[in-house]
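*Asks:* Sequence plus predicted model, see below.
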Amino acid sequence: MTRSITLDRVRNIGIMAHIDAGKTTCSERILFYAGKIHKVGEVHDGAAVMDWMEQEQERGITITSAATSLTWRDHQISLIDTPGHVDFTVEVERSLRVLDGAIALFCAVGGVEPQSETVWRQSEKYNVPKLAFINKMDRTGADFFSVLGQIQKELGANAIPVVIPIGSEENFRGIIDLVTMKAVMYQEDNQWGKNFVEEDIPAELQEEAQTWRTHLLEKCAEQDEVLLDKFLEEGDLSEDETRKVLRKATIAREVVPVFCGSAFKNKGVQRLLDGVVAYLPSPLDIPPVICAEEKEANQRPPSDDAPFSAMAFKIMSDKHMGKLTFIRIYSGKLEQGAAVYNSTRDKRQRIGRILRMHAIKQEALDVAYTGDIVGIVGLSDTRTGDTLCNEDEPIHLMPIEFPSPVVSISIAPESKAENEKLSEALYKLAEEDPTFTVNYDQETSETIISGMGELHLDIIVDRLRREFKVKAEVGRPEVAYRETLTTQVDGEGKYVKQSGGRGQYGHVKVRLIPRDPGQGFSFINSVVGGRIPSNFIPSVERGFVKAMLAGPYAGYPVVDVAVELYDGTYHDVDSSDVAFQEAARLAFKNLFMKANPELLEPIMSVEVVTPEDFMGAVTGSIAQRRGRIEKMESKGNAKIIEGMVPLSEMFGYANHLRTLTQGRAAFTMQFEHYEAVPFSLAEEIVKKRKEQNKVR
């Protein structure tokens with residue numbers, strides 16, 4: 001079989017933005033204009049196609065990235081609508097890893113908001129070319145040129161308008177296309193924006209349009225010497241020349257074309273789709289994917305004839321089909337029933353069904369080709385970030401990096417009968433979401449679930465009850481504290497056990513050395529002269545690693561420590577791996593408390609956007625939570641307060657802030673780093689932890 005649309009006409013894009021900038025509304029309009037749906041669903045009615053989860057429909061937010069496919073101007077577009085809430089940043093991360101281009105959405109009133117910067121940074125990490133769409137031009141306070149300036153200044157982007165608005169707020173009635181130099185006028189009763197009129201630019205806007213047209217051409221000409229010479233000689237470029245150089249510069253990430261409109265009022269979205277086709281890359285415009293191991297110069301060109309390679313970037317549990325794995329095919333083609341090799345896990349698997357996704361609806365395919373984003377049924381042993389390929393020509397693609405969870409709660413089934421159901425449900429949810437982890441605390445005999453924030457865990461628990469019908473009780477969120485040491489200490493650990501027959505003997509002399517924050521664990525082997533046989537050295541390291549999982553100070557993991565093994569003794573008969581692991585554990589336990597241990601807590605970067613009237617109350621609320629203000633600035637009518645606050649002080653802050661500001665302020669936070677807990681508080685935390693352990 002051959003593909004129906006050539007690879008140069010394929011676009012894989014995502015929509016990314018701060019929460020409530022209008023991503024899902026924009027996605028709905030795109031689907032409507034492409035003929036994929038015949039009635040527009042609104043987010044506020046809980047009827048948006050791309051927000052298919054019950055929790056999304058109730059809360060009016062996007063929680064999980066939804067994939068769909070559509071056709072526009074004979075181009076196949078795979079579209080992923082990503083969440084804007086920082087708790088679900090994993091969805092943005094894994095989507096950007098496999099996409100070729102993105103639409104960065106900005107609210108014409110809010111401009112560049114906190115999560116806008118986060119998702120922009122994520123897209124830059126993966127070298128994703130972007131278009132910008134300034135949405136909500138009909139809202140009171142909308143200012144296209146102010147937001148354009150923010151994109152340029154705060155994101156450091158070379159943002160170039162390819163359209164400018166005609167009017168704003170309630171007077172927003174159309175756009176001027178600077179490439180064609182035509183006005184696109186919309187009527188209020190315009191049948192969902194399908195009917196618009198292209199006409200000459202109104203006389204009163206000619207001068208402004210020409211100014212921005214010249215700006216566009218100058219920026220384009222800077223990217224191409226031949227066109228620069230032509231522009232300097234003739235003062236103009238043709239439409240084709242403008243589009244060609246703008247496409248080249250966008251793909252090279254030298255420029256970001258800027259569009260505008262109002263998705264809710266059905267204005268400007270078709271021009272945005274035209275921009276996706278005209279300026280964002282096809283898989284042919286992206287460099288070939290390469291092997292993650294530097295020693296292999298293995299790469300895969302984007303071609304149906306090349307060996308098969310793909311990345312699994314998302315796992316979803318479907319109540320009808322079971323486990324559904326989303327993959328992006330980078331090279332080759334994939335047929336239903338084919339055998340594939342998971343090079344990440346060294347597993348052979350067989351493809352069940354191949355599905356082209358439309359939110360939660362599917363279209364069955366016999367074959368998927370290079371550039372396709374599809375759902376696969378049957379990959380039971382595949383996880384997020386795994387590489388799939390031909391076993392005869394294996395490749396291991398660069399994996400996806402995920403942030404560590406920072407908030408934990410305990411969870412327990414209401415009855416013993418629910419225990420197995422709970423375990424199975426938690427396993428499935430952890431498979432879906434790499435930032436959701438499940439651990440069993442041996443000391444407290446508790447199941448601990450961890451995530452990116454309170455909302456993240458709230459959604460997880462809600463899904464447990466609704467989707468998996470599990471009755472569970474949850475405890476208060478626990479902070480992921482860490483332990484470290486502040487002073488270098490020397491000492492030894494000796495493990496001797498004799499109980500008839502062969503005994504156990506291990507003896508180590510070690511030095512514990514504090515490391516700078518964020519440097520992690522380091523093991524230094526300084527043993528000379530065979531004082532400890534080389535085959536036991538890894539056992540010593542393993543012993544320390546295990547001992548650091550629960551520190552002697554309060555039972556939290558130990559970080560940022562170097563262990564130097566410099567001496568020891570062994571017994572020809574009684575020494576063993578187990579004995580040296582135990583000797584290392586004893587050494588660590590004996591020495592750690594002599595090294596002035598310190599408790600560390602996660603510090604969150606918090607940004608509050610508030611009306612000026614509440615600025616004093618907001619800064620006071622941050623100070624009361626042991627926070628420190630880092631920066632304050634104005635943006636339009638709002639004040640932005642940035643600070644660093646311990647995570648332990650941020651529980652319940654959303655409700656507190658709403659009460660404090662009559663619901664008019666909003667905040668976002670994300671993990672920044674670990675810092676030492678003040679001594680008096682640390683002692684209190686350690687005491688409480690030990691009391692809890694006694695009770696349990």
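*Replies:* Ah, there it is.
*Asks:* CA atoms of the helix or strand where Ile537 lies as CSV?
*Replies:* Using DSSP states H and E, Ile537 maps to helix 537-547. Output of helix 537-547 as CSV, limited to C-alpha atoms (Å, rounded to 0.1, in the frame of the first residue of the first chain):
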residue,chain,number,x,y,z
ILE,A,537,33.7,-2.8,45.9
PRO,A,538,30.4,-2.7,44.0
SER,A,539,28.7,-4.4,47.0
VAL,A,540,30.0,-1.6,49.3
GLU,A,541,28.5,1.0,46.9
ARG,A,542,25.2,-0.9,46.7
GLY,A,543,25.1,-0.9,50.5
PHE,A,544,25.5,2.9,50.7
VAL,A,545,22.9,3.5,48.0
LYS,A,546,20.3,1.3,49.9
ALA,A,547,21.2,3.0,53.2
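*Asks:* Now that helix: buried residues?
*Replies:* Using 16 or more other C-beta atoms under 10 Å as the test for burial, helix 537-547 gives 537, 539-545, 547. Where you see a C-beta, it was placed from the backbone N, CA and C, and this is true even at glycine.
*Asks:* for stretch 548-566, same thing?
*Replies:* 548, 550-556, 558-565.
*Asks:* ok, so of the residues you listed, who is nearest Ala595?
*Replies:* Val561 (8.7 Å; C-beta to C-beta).
*Asks:* burial measure for Met669, as a count.
*Replies:* A count of neighbours around Met669, defined by other C-beta atoms under 10 Å, yields 23.
*Asks:* Does anything pack onto the helix or strand containing Lys688? Which helices or strands?
*Replies:* Lys688 is part of helix 679-695, with elements assigned from DSSP H and E. Applying 3 or more C-beta pairs under 8 Å, 6 or more residues apart in numbering; DSSP states H and E, one finds that helix 679-695 contacts strand 597-611.
*Asks:* Pull the strand it packs on out as CSV, backbone CA atoms only.
*Replies:* As requested, the backbone C-alpha atoms of strand 597-611 are provided in CSV (Å, rounded to 0.1, in the frame of the first residue of the first chain):
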residue,chain,number,x,y,z
PRO,A,597,22.7,16.3,59.3
GLU,A,598,20.3,18.7,57.8
LEU,A,599,16.7,18.4,56.6
LEU,A,600,16.0,19.8,53.1
GLU,A,601,12.6,20.9,51.8
PRO,A,602,11.4,21.6,48.3
ILE,A,603,11.3,25.3,47.5
MET,A,604,8.7,26.4,44.9
SER,A,605,9.0,29.3,42.5
VAL,A,606,5.6,31.0,43.0
GLU,A,607,4.2,33.7,40.7
VAL,A,608,1.0,35.6,41.7
VAL,A,609,-0.8,37.8,39.2
THR,A,610,-3.1,40.2,41.1
PRO,A,611,-4.9,43.5,40.7
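*Asks:* Please identify the buried residues of it?
*Replies:* 597-610.
*Asks:* any idea which helix or strand comes after that strand?
*Replies:* With DSSP H and E, the next secondary element past strand 597-611 is helix 615-624.
*Asks:* quick one: that following helix to chain centroid distance?
*Replies:* 30 Å (C-alpha atoms, centre = their mean, to the nearest Å).
*Asks:* So what's the gap between the helix or strand that that helix is followed by and the chain middle?
*Replies:* Per DSSP H and E, the first helix or strand lying C-terminal to helix 615-624 is strand 628-635. Strand 628-635 sits 25 Å away from the centroid of its parent chain (C-alpha atoms, centre = their mean).
*Asks:* For the stretch 51-200 of the chain, give me the ranges with low pLDDT.
*Replies:* Along the stretch 51-200 of the chain, the parts satisfying pLDDT under 70 run over 51-66, 83-89, 114, 188-195.
*Asks:* which residues in it form strands?
*Replies:* 66-72, 75-81, 101-107, 130-135, 159-161, 163-166, 174-177, 182-186, 196-199 (DSSP state E, counting those that start in this stretch).
*Asks:* most packed of the ones you listed?
*Replies:* Of all the strands of the stretch 51-200 of the chain, strand 130-135 has the most neighbours on average by mean count of other C-beta atoms under 10 Å, namely a mean of 28.
*Asks:* can I assume Met632 is in contact with Ile622?
*Replies:* No: using C-beta atoms under 8 Å, Met632 is not in contact with Ile622, being 10.7 Å away.
*Asks:* quick one: which of these two has more around it?
*Replies:* The residue with more neighbours, out of Met632 and Ile622, is Ile622; 23 against 14, by other C-beta under 10 Å.
*Asks:* which residues does the residue lying closest to that one once chain neighbours are set aside contact?
*Replies:* In space, and not counting its chain neighbours, Ile622 is closest to Gly643: 4.9 Å by C-beta to C-beta, 6 or more residues apart in numbering. Under the criterion of C-beta atoms under 8 Å, 6 or more residues apart in numbering, the neighbours of Gly643 are 605-608, 622, 627-630.
*Asks:* Repeat the analysis, applying 7 Å as the threshold.
*Replies:* 606, 622, 627-630 (C-beta atoms under 7 Å, 6 or more residues apart in numbering).
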